[in-house]
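K.L.:
give me coordinates for this.
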Amino acid sequence: MIEKTRTEVFSLVRSSRKAQISVALLTVVLVVASVLLFKAKTIQVDVDGNKTRLTTIDSTVGGALKHSRLGIFPEDIVEPDRTTLVSKDLEIKITRSMPVKLTVDGQTYNTRTPAPTVGEAIQDLSNRLGLDLKETDEVNLDRKEAIVADAELNVQRAVPIKVKVDGKELDTYLAPRTVEEALKKLEVVLNEKDKVSLPLDQMIKADDQIQVFRVTEKIENVKSEIPYQIVAQPADFPVGLPDRVVKKGANGEHEQVVKVTFEDGKEVERLVLQQQVLRAPVNQVVSRGAQTTISRGGQTIQFKRAYLMRASAYSGGGMTATGHDVHWGVIAVDPKVISLGTQLYVDGYGEAVALDTGGAIKGNRVDLYMNSEEAAQSWGVRSVIVYVK
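P.N.:
Below is the predicted model:
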């Protein structure tokens, strides 16, 4: 009887402990739930215009979105930003990013962007991926075009080049391509005969200078004179004296058909296509002195050549330019015509030597020394033939 009572007592104690543990656990759960309910805040999330309410116990916007089922990507734009503290009825605006495939010079990046246009997407991806893409780089799509999901963006880095054409200089940037393709890209139309400073099939590179020469051609009929020739016939008068015209000559006329080539308006070539003589020239026939001896006063004088000169006279004594005393037979000459010291014969004066010069004695002029002022005045100035021995 006593044993039965002990057993019942132990059973009641055990039941009492389980009840206490259960009560304790329930109390903990209720406390935790109360705390969570106290910390929970309801916020409003706008995803691309679709609004929903979200209850969260996270303290920041980023944490709330991370633990939500909204499927937010790191590239999505969140306003206010992810570090903002959560407050009751906070309004959050999310702009979804789009999946895109970006290829830069053959290297592909599968990524996302929240940018609305192609140009803004490329700038966004360049900044985030450290690609240093420029506005001048070439893109397969219009930069103003709206971005769409799974868009394929192909970028080719451009290099600086200079193009000279039609009197203008163009500094621009183009992706690598042939010179011919570069000109087409710049809407430079090449005519059939135009020239380019670089081969058309050459790939452009940084700082290349491409010059286009506009080539034009013109056909001209050109008339020109054909100068007549002089035919000399030996004659019996002193060699060196002016020729005497026997028959006057006449120029002929010549015509050519010429193709003239211009590069950028500047003449670079003349090509004769055909030609003909319209009028043949007529030779001029002259008598040319061949005589090298003369007879004066019963004497035969031999000479190398003769000059027709103007002769003046002077007197008064003194020294010549060559340091000789002046006397009859001394004459002043232009050394550029007759060398000093040359033996001469002057018609109307006689034997002479070129020993003096004078400031006014230039060209075909001589000054003859006379023994008196009267003789010099009597001589005056006259034309004479001077024979050089």
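
K.L.:
alpha carbons only for contacts and neighbour counts from here, please
P.N.:
Fine.

K.L.:
secondary structure element for the closest residue to Leu340 other than its chain neighbours?
P.N.:
Leaving out its chain neighbours, the residue that sits closest to Leu340 by CA to CA, 6 or more residues apart in numbering is Ala354, at 5.1 Å. If you go by DSSP states H and E, Ala354 is part of strand 350-356.

K.L.:
those strands in the stretch 201-350 of the chain, which residues are they?
P.N.:
208-213, 215-226, 230-238, 244-247, 252-263, 266-279, 284-291, 293-296, 299-302, 305-314, 330-332, 343-346, 350-356 (DSSP state E, counting those that start in this stretch).

K.L.:
mean pLDDT added to those, as CSV?
P.N.:
Listed next are the strands of the stretch 201-350 of the chain as CSV, based on pLDDT from 0 to 100:
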stretch, mean pLDDT
strand 208-213, 96
strand 215-226, 96
strand 230-238, 96
strand 244-247, 96
strand 252-263, 96
strand 266-279, 96
strand 284-291, 96
strand 293-296, 94
strand 299-302, 94
strand 305-314, 96
strand 330-332, 97
strand 343-346, 97
strand 350-356, 96
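
K.L.:
winner for burial among the ones you listed?
P.N.:
strand 330-332 (a mean of 26; mean count of other CA atoms under 10 Å).

K.L.:
packing partners of it?
P.N.:
Applying 3 or more CA pairs under 8 Å, 6 or more residues apart in numbering; DSSP states H and E, one finds that strand 330-332 makes contact with strand 350-356, strand 365-369.

K.L.:
just to revisit the earlier point, looks like the residue nearest to Leu340 contacts Val346 (just checking).
P.N.:
No: at 11.1 Å, Ala354 and Val346 do not qualify as touching, with contact defined as CA atoms under 8 Å.

K.L.:
partner residues bridging the residue nearest to Leu340?
P.N.:
On the basis of DSSP bridges, Ala354 is bridged to Ile331.

K.L.:
for Val148, give me its contacts.
P.N.:
With contact taken as CA atoms under 8 Å, 6 or more residues apart in numbering, Val148 is in contact with Met98.

K.L.:
next one: the one 5 residues further on
P.N.:
Taking CA under 8 Å, 6+ apart as the definition of contact, the neighbours of Leu153 are 100-103, 118, 139-141.

K.L.:
now with 7 Å?
P.N.:
101-103, 139-140 (CA atoms under 7 Å, 6 or more residues apart in numbering).

K.L.:
kindly report the same for Met319.
P.N.:
Neighbouring residues of Met319 by CA under 7 Å, 6+ apart: 325-326.

K.L.:
checking Gly62 next. Helix, strand or coil?
P.N.:
Secondary structure for Gly62, judged by DSSP: H, G, I helix; E, B strand; the rest coil, is helix.

K.L.:
how about the residue most central in space within the chain, secondary structure?
P.N.:
The centroid of the chain falls nearest to Lys164 when counting by CA atoms, centre = their mean (5.8 Å). Three-state assignment for Lys164 (three-state DSSP): strand.

K.L.:
next one: Glu181
P.N.:
For Glu181, the assignment made with three-state DSSP gives helix.

K.L.:
ok, which of the helices and strands packed on strand 330-332 comes nearest Leu183?
P.N.:
Leu183 sits nearest to strand 365-369 of all those, at 72.0 Å, using CA to CA.

K.L.:
in the stretch 1-150 of the chain, which spans are helices?
P.N.:
According to DSSP state H, counting those that start in this stretch, the stretch 1-150 of the chain carries its helices in the segments 2-39, 61-66, 118-129.

K.L.:
go ahead and confirm Leu102 touches Asn154.
P.N.:
Yes: with contacts counted by CA atoms under 7 Å, Leu102 reaches Asn154, the gap being 6.0 Å.

K.L.:
any weak-confidence spans in this protein?
P.N.:
1-39 (pLDDT under 70).

K.L.:
can I see the domain layout of it?
P.N.:
16-96, 98-156, 159-213, 217-287, 293-388 (automatic domain parsing).

K.L.:
returning to that earlier point: what's across from the residue nearest to the centre of the chain in the sheet?
P.N.:
When assigned by DSSP bridges, Lys164 has beta-bridge partners Glu169, Gln211.

K.L.:
quick one: it from Val196, how far?
P.N.:
Distance, Lys164 to Val196, using CA to CA, to the nearest Å: 10 Å.

K.L.:
what do the two both touch?
P.N.:
With CA under 7 Å, 6+ apart, Lys164 and Val196 have common neighbours 210-212.

K.L.:
dump those residues into a markdown table; add distance to Pro176 as well.
P.N.:
Output for the shared contacts of Lys164 and Val196, formatted as a markdown table (distance: CA to CA, whole Å):
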| residue | distance to Pro176 |
| --- | --- |
| Ile210 | 14 |
| Gln211 | 17 |
| Val212 | 19 |
